[in-house]
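> Need coordinates for the below:
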Amino acid sequence: MGRRKLCGRIGIAAAVAGASMALAACGGSSSSSSGSASGGGGATGASSGKTVVVADTSSVQKLNPIVMTNFLDFQAIGMIYQQLVTLNQSLQVAPQLATSWHLGDGGKTVTFALRHGVTFDDGSPFTSADVKATMQYIVKPSTGAAAASYLASVKSVSTPSKYTAVFHLSHPDSSLLYGLTSQNMSILPAAAIKANTLATKPDGTGPYEYASYSPNNSFTVKRNPHYWGPAPKISGIEFKTIADEQSIASAMQAGTVQLGLLTQPQVAQQLSSPITVDKALNLNYRALMIQSKGPLANTDARLAIQCAIDRRAVLQAAVLGGGKVVGPVPQGPFATNPNAGTCATQNLAQAKSYLAKAGDPHGFSFTVLTSQELDGTSTAQATTIQNQLSKVGIKMSIDNVAGSQYIQQWLKGKFQAALAENGANPSPYIMYGRYFGAGASLAVPAGYASPTLKSLLARADQSNSQATQSTLYRQFTNYLVNNAVWVWLFNAYDYYATSSSLQGFAPLPSGQLTGLATATVS
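Predicted structure coming up:
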């Protein structure tokens with residue numbers, strides 16, 4: 001959930017290539033590549049003493065990458081931390097802190113060769129001990145890790161040498177490499193874990209290091225002088241919170257912001273030269289998440305909501321049609337057909353029929369949680385859906401709250417329904433294992449549990465056959481849609497507004513902003 005994108009824009013071909021790589025690796029092949037991960041060689045370049053200001057309506061919420069869920073946190077904290085593996089421009093798994101990996105024992109061990117000469121911001125060297133400590137920290141229940149389910153197959157991590165880490169699995173795991181690219185899998189220094197300083201002082205291996213933090217106002221990083229990769233050319237980056245996207249546009253025009261992160265096309269369209277606006281379709285999706293309790297515990301009641309919603313009208317109202325209606329898996333080799341399943345298009349007669357089956361022929365009431373601060377399109381989504389549901393007698397109240405309050409209520413499942421923007425991935429298991437899988441770390445906000453969903457996810461993840469995976473994942477997404485577990489709405493474009501003084505920046509396919517490390521500012 002959150003506003004900004006963790007795993008963003010992806011083409012179908014790129015998704016297939018990335019998934020094929022991960023699946024082949026789980027069949028026992030080795031993998032290594034060069035030049036496609038962040039960093040790589042310690043090269044130097046021209047530097048700038050200036051700081052770039054990045055504006056967003058959201059604010060950084062958490063400094064510990066293992067527990068963060070807000071998209072801006074991923075982008076800001078992502079300047080500091082790195083993972084064993086990352087996603088390259090084609091969203092294929094590529095080396096980062098691990099230079100290569102290979103599988104053994106029929107796919108039940110994954111051995112990572114680690115990069116030499118890397119240090120954390122506190123000066124301590126990066127070794128296999130940090131990898132082991134990080135993975136143990138993630139799976140520890142008291143940590144509250146957002147992506148602990150990604151390691152469900154990992155029985156243990158051994159460290160046969162200073163620069164070798166071996167993951168021992170309970171079964172072959174086709175999604176593990178994709179899971180390890182998540183910033184919720186950032187490698188932490190063992191000393192910081194032991195000292196319990198992660199929530200107050202970030203300490204990573206990335207191109208920038210922590211400088212300052214003013215909650216709900218700004219988060220600043222400075223150039224890491226000891227970075228193992230190419231030296232960043234920009235000395236510092238301030239992530240500044242601005243109340244609304246129109247104000248971000250005004251700040252861009254006034255020259256006080258160099259990079260504006262936008263979701264509203266009507267705002268992006270107002271900007272003109274010398275400001276440049278790039279757009280790219282993101283992989284992530286908006287959904288009406290539903291807690292299965294009260295009147296919404298009834299499957300027929302949820303289906304009534306699904307049938308009453310015109311998703312294309314919601315897309316038009318929210319982003320002027322700049323995107324597409326999606327199912328549970330937006331794109332990639334396991335993409336869901338958005339035109340299939342119960343009430344793929346609005347059907348008010350069917351909605352009324354489901355209300356009658358639910359025992360509420362005249363409708364019922366519920367409240368949806370939103371945050372215009374986190375997602376500038378949420379008000380338009382909510383009011384459009386509210387009007388559509390009223391046509392069949394369903395009364396939806398809108399509770400629009402501050403971003404920090406939304407995140408806390410969302411994590412605790414303190415809502416009946418919530419309009420959310422959720423991170424996606426070419427692997428359905430990575431997307432939904434943490435919501436509906438065994439030991440799901442986000443089961444509370446998911447609001448729905450099913451042995452069938454758990455079984456389908458587990459069987460697909462353990463299979464080395466893409467054909468078998470396709471069948472199982474199709475059954476999984478059919479279950480989600482035909483039981484209206486949630487209502488999947490659309491994905492949309494991201495807009496990146498850059499000033500003429502910022503040169504050489506290009507958004508990455510993952511939605512990360514680490515491209516700022518190689519940009520310049522005048």
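
> Quick check, Lys132 in contact with Thr159.
Yes - using C-beta atoms under 8 Å, Lys132 is in contact with Thr159, at 5.4 Å. For the C-beta atoms, the positions are set from N, CA and C on the backbone; glycine is no exception.

> overlap in contacts of the two?
Ala165 (C-beta atoms under 8 Å, 6 or more residues apart in numbering).

> Which residue is the nearest non-sequential neighbour of Ala501?
Careful, residue 501 is Ser; it's not Ala. Ser522 (4.8 Å; C-beta to C-beta, 6 or more residues apart in numbering).

> Near that neighbour, how many other residues are there?
10 (other C-beta atoms under 10 Å).

> For Leu508, see how far away it is.
Spatial separation of Ser522 from Leu508 under the definition C-beta to C-beta, to the nearest Å is 22 Å.

> now Phe120
Taking C-beta to C-beta, one finds Phe120 at 23 Å from Leu508.

> out of these two, which sits in the more crowded spot?
Between Phe120 and Leu508, counted using other C-beta under 10 Å, the more crowded position is Phe120 (24 against 20).

> Surely that one touches Pro202?
No - contact between Phe120 and Pro202 fails when scored by C-beta under 8 Å: they sit 10.0 Å apart.

> my guess is Gly413 is in a helix, correct?
No - counting by DSSP: H, G, I helix; E, B strand; the rest coil, Gly413 is not part of a helix but coil.

> Low-confidence ranges, this structure, go.
1-49, 509-510 (pLDDT under 70).

> repeat that for 80
1-49, 89-91, 283, 332, 426, 508-511 (pLDDT under 80).

> report the longest strand in it, please.
When the chain is parsed with DSSP state E, its longest strand is strand 487-498.

> Quick one: name whatever helix or strand follows that strand.
Next along the chain after strand 487-498, taking DSSP states H and E as the criterion, comes strand 502-503.

> That following strand pairs with which strands?
Strand 502-503 sits in its sheet next to strand 520-521 (antiparallel), going by DSSP bridges.

> chain center to the strand it pairs with: distance?
For strand 520-521, the distance from its own C-alpha centre to the chain's C-alpha centre is 27 Å (C-alpha atoms, centre = their mean, to the nearest Å).

> what residues does that strand touch?
Ala46, Ser48, Lys50, Val52, Lys233, Ile234, Gln258, Ser501, Leu502, Gln503, Gly504.

> could those residues go into JSON lines alongside distance to Pro426 and neighbour count?
Below are the contacts of strand 520-521 laid out as JSON lines (distance: C-beta to C-beta, whole Å; neighbours: other C-beta atoms under 10 Å):
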{"residue": "Ala46", "distance to Pro426": "36", "neighbour count": "7"}
{"residue": "Ser48", "distance to Pro426": "36", "neighbour count": "17"}
{"residue": "Lys50", "distance to Pro426": "37", "neighbour count": "16"}
{"residue": "Val52", "distance to Pro426": "30", "neighbour count": "24"}
{"residue": "Lys233", "distance to Pro426": "31", "neighbour count": "21"}
{"residue": "Ile234", "distance to Pro426": "31", "neighbour count": "26"}
{"residue": "Gln258", "distance to Pro426": "32", "neighbour count": "28"}
{"residue": "Ser501", "distance to Pro426": "35", "neighbour count": "14"}
{"residue": "Leu502", "distance to Pro426": "30", "neighbour count": "22"}
{"residue": "Gln503", "distance to Pro426": "31", "neighbour count": "12"}
{"residue": "Gly504", "distance to Pro426": "28", "neighbour count": "13"}
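
> Out of these, the closest to Ser470 would be?
Gly504 (40.1 Å; C-beta to C-beta).

> So the closest one sits against Ser522, correct?
No - with contact defined as C-beta under 8 Å, Gly504 does not count as touching Ser522 (10.9 Å).

> Report the contact partners of Ile187.
Here Ile187 is in contact with Tyr81, Gln82, Gln83, Leu84, Leu97, Phe126, Asp130, Val131, Thr134, Gly204, Thr205 (C-beta under 8 Å, 6+ apart).

> And the residues you listed, which of them are buried?
Tyr81, Gln82, Gln83, Leu84, Leu97, Phe126, Asp130, Val131, Thr134, Gly204, Thr205 (16 or more other C-beta atoms under 10 Å).

> Could you report the separation of the residue lying closest to Tyr496 once chain neighbours are set aside from Leu456?
Nearest non-adjacent residue to Tyr496, counting by C-beta to C-beta, 6+ apart: Asp278, 4.8 Å away. Noted for Asp278: a distance of 38 Å to Leu456, by C-beta to C-beta.

> Give me the more crowded residue out of the two.
Using other C-beta under 10 Å, the more surrounded residue of Asp278 and Leu456 is Leu456, with 26 against 14.

> wait, isn't the more buried one in contact with Tyr479?
Yes - Leu456 is within contact range of Tyr479, at 7.2 Å (criterion: C-beta under 8 Å).

> Who are the packing partners of the helix or strand hosting Val221?
Assigned by DSSP H and E, Val221 falls within strand 218-223. If you count contacts as 3 or more C-beta pairs under 8 Å, 6 or more residues apart in numbering; DSSP states H and E, strand 218-223 packs onto strand 208-214, strand 234-241.

> So which of these has the densest surroundings on average?
strand 234-241 (a mean of 22; mean count of other C-beta atoms under 10 Å).

> How far away from the center of its chain is the following helix or strand past that strand?
Once the chain leaves strand 234-241, the next helix or strand it forms, by DSSP H and E, is helix 245-254. Put simply, helix 245-254 sits 26 Å off its chain's centre (C-alpha atoms, centre = their mean).

> and the angle for helix 245-254 with strand 234-241?
150 degrees (axes from the mean of the first three to the mean of the last three C-alpha atoms, to 10 degrees).

> List the contacts of helix 245-254.
55-57, 242, 257, 260-264, 267, 270-271, 275, 376, 497, 499.

> can you rerun that using 7 Å?
55, 57, 242, 257, 260, 262, 264, 267, 270-271, 275, 376, 497, 499 (C-beta atoms under 7 Å, 6 or more residues apart in numbering).

> which one of those has the most neighbours?
Gly260 (29 neighbours).

> Who's the closest spatial neighbour of that residue, skipping the chain neighbours?
Using C-beta to C-beta, 6+ apart, the closest residue to Gly260 is Ala497 (3.9 Å).

> Over to Leu411?
Pro445 (6.1 Å).

> what sits against the one you found?
Counted by C-beta under 7 Å, 6+ apart, Pro445 has contacts Met289, Trp410, Leu411, Gly413.

> Among those, which pair sits farthest apart?
The widest separation within the contacts of Pro445 (C-beta to C-beta) is 12.1 Å, between Met289 and Leu411.

> Looking at those two, which one has more neighbours?
Met289 (26 against 16).

> SS state for the residue nearest to Tyr496?
strand.

> Just to check, it is in contact with Pro507?
Yes - at 6.5 Å, Asp278 counts as touching Pro507 under the criterion of C-beta atoms under 7 Å.
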